[in-house]
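Enquirer: A structural model of the following input is requested.
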Amino acid sequence: MAKTEPAATEALVAEAFLEGAIPNSDRGINAIVDLTRKSLSAEIINVSVPNLGPGLPTQIPVLIDRRTGEAKPAGHLIEAFRTKPAEKRGTAKALTLQSFIDLTNRHKTVHSAVFADTNWKAPSFQAVIDYHDKESAGAAENLKHRMAYSFPASEEWKAWVAQNGEPMEQGLFAAFLEDRIADLSAPTDAERIWLERDFGTTVATPAQLIQLSRGLQVNVDSVVKNIVNLATGEAQVAFEETHTDSDGKPLKVPGLFMLAIAPFFMGEKISLPVRLRYRKSGQKIVWFYQMYRPDQFVTERVRDDLITVADKTELPTFEGSPEA
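Expert: The predicted structure follows:
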C-alpha cells in the first residue's frame, strides 16, 4: 500500500485550492483541517476473505495507519484490553465422584463426552467439555476445558493394600486385626456358598475374627505345639502348656474373611474376600493375608460409577482417553 508523506499532503491541498475543489473560505479551512486529521489518524476496517475452511473467519479486522499507509492485524491490539477470556480452558479436579458429576453438569454442552481409565491401580474419569461436534461430520473443537476425577484411595483401602501379602509376627497381626475390625463384614449366604465351594474353606464372621485376634494376643509369647487342618476347612493351632485361647482351647483359624470397605474416598463400598494365611517359623507362627482379585472388584466398582456418571450427566461415556 502506498505511503502518504506530509509533503505530498500539502501538495494535494495546494492543487485542490488552485482547481477550486476547496473554497477559499472558513469552510475550505475546515475541510483542510478535516483532511489533515484523517491523514494523521488510524482506522479499523473489516476486510472480507474467501471461505478458507472450518474455524476461519470470513472477515478480518485490519488497522490502517494513514500516517504510514501500513495495514496491521487489529486483533492483537484489542486483546490487550480484554476483560474476560475468549474461551473456557483448563482442568478442574474433583475430589469426589459427586463433585465430578456436579461440575460436569455445570459446564457441559451437547457435544461434551466422558472418558474413563479403568486401570484398577489408578482409575480416573475425565470430562471433555468442548469435545468435537458429535455429528458425523462435525467441526473440530479445542478440547481445552476439562473436568477430572482421579479416584483418591481411601485411608482404609491404603491400610489393607499396604500390608497385603506382608508377613507379620503374631502380636503385630493381632493388633492389626483389632485396629481394622470396623472394615470387616459377614458374608452373605450367596457369598458363603460360592467361597466355601470354590476355596474349600470356611469364611469367618467379624465376631470370629475378633475372637481369633484376642486368642493370638493371649498366646503372643507362646510356642506352637500343634497345627491341625480339619475337614471343615479350618485349622486348629494349639500352643504349649496353658497358652491356649481365652477359653483354654486350641484356636480355630478360618481360611477366609470378608472386607466391606470403599476403595476410594467418599465412594461406595465393595465386598472383597481375603485369604487368611500363616506359616510356621521355628517355634512361632508368622501371619499374613491375601486380598482376592482386588483388580476385578475395583474395576467392577469403577464401571458401576461410570454408569452412574452416564445416567446423571446424560453424556456419552467411553473407556479410554481423549485426544491430547
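Enquirer: only C-alpha atoms for contact and neighbour calcs from this point on.
Expert: Fine.
Enquirer: so who does the closest residue in space to S271 that isn't next to it in sequence touch?
Expert: Nearest-residue entry for S271: A260, 4.7 Å, with adjacent residues in sequence omitted and distances by Cα to Cα, 6 or more residues apart in numbering. Going by Cα atoms under 8 Å, 6 or more residues apart in numbering, A260 touches D183, L184, S185, K269, I270, S271, L272.
Enquirer: Report the contact partners of the nearest residue to E155 once chain neighbours are set aside.
Expert: Nearest residue to E155, sequence neighbours excluded (Cα to Cα, 6+ apart): F265, at 7.7 Å. Contact analysis of F265 by Cα under 8 Å, 6+ apart lists L95, T96, F151, P152, A153, S154, E155.
Enquirer: can you list these in TSV and add pLDDT and distance to A324?
Expert: Output for those, formatted as TSV (pLDDT from 0 to 100; distance: Cα to Cα, whole Å):
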residue	pLDDT	distance to A324
L95	93	22
T96	93	24
F151	95	21
P152	94	23
A153	94	26
S154	94	29
E155	95	32
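Enquirer: PyMOL command for the buried members of the residues you listed?
Expert: Applying 16 or more other Cα atoms under 10 Å to these leaves a buried subset, and the PyMOL line that selects it is:
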select buried, resi 96+151+152+153
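Enquirer: Among the contacts of F265, which ones are in helices?
Expert: In this view, the contacts of F265 that belong to helices under DSSP state H are E155.
Enquirer: which one among the contacts of F265 gets closest to D305?
Expert: Nearest to D305 among these is F151, at 10.5 Å by Cα to Cα.
Enquirer: Do I have it right that that closest one meets K121?
Expert: No: using Cα atoms under 8 Å, F151 is not in contact with K121, being 9.8 Å away.
Enquirer: distance of the residue nearest to E155 from S213?
Expert: Look at F265 and S213: by Cα to Cα, to the nearest Å, they are 28 Å apart.
Enquirer: before we move on, what about P61?
Expert: Counting by Cα to Cα, the gap from P61 to S213 is 79 Å.
Enquirer: between those two, who's got more neighbours?
Expert: Neighbour comparison, P61 and S213: the larger count goes to S213, with 23 against 14 (by other Cα atoms under 10 Å).
Enquirer: quick one: that one from E169, how far?
Expert: S213 sits 12 Å away from E169, going by Cα to Cα.
Enquirer: T58 too?
Expert: 76 Å.
Enquirer: I60 too?
Expert: From I60 over to E169 the distance is 77 Å, taken as Cα to Cα.
Enquirer: Quick one: low-confidence residue ranges for the chain.
Expert: 1-41, 136-137, 220-222, 224-249 (pLDDT under 70).
Enquirer: who does the longest helix anywhere in it touch, helix- and strand-wise?
Expert: In the chain, taking DSSP H as the definition, the longest helix is helix 294-313. Applying 3 or more Cα pairs under 8 Å, 6 or more residues apart in numbering; DSSP states H and E, one finds that helix 294-313 contacts helix 97-107, strand 270-281.
Enquirer: Export these as CSV, with columns for mean neighbour count and distance to V114.
Expert: Converted to CSV, the helices and strands packed on helix 294-313 look like this (neighbours: other Cα atoms under 10 Å; distance: least, Cα to Cα, whole Å):
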stretch, mean neighbour count, distance to V114
helix 97-107, 18, 9
strand 270-281, 16, 24
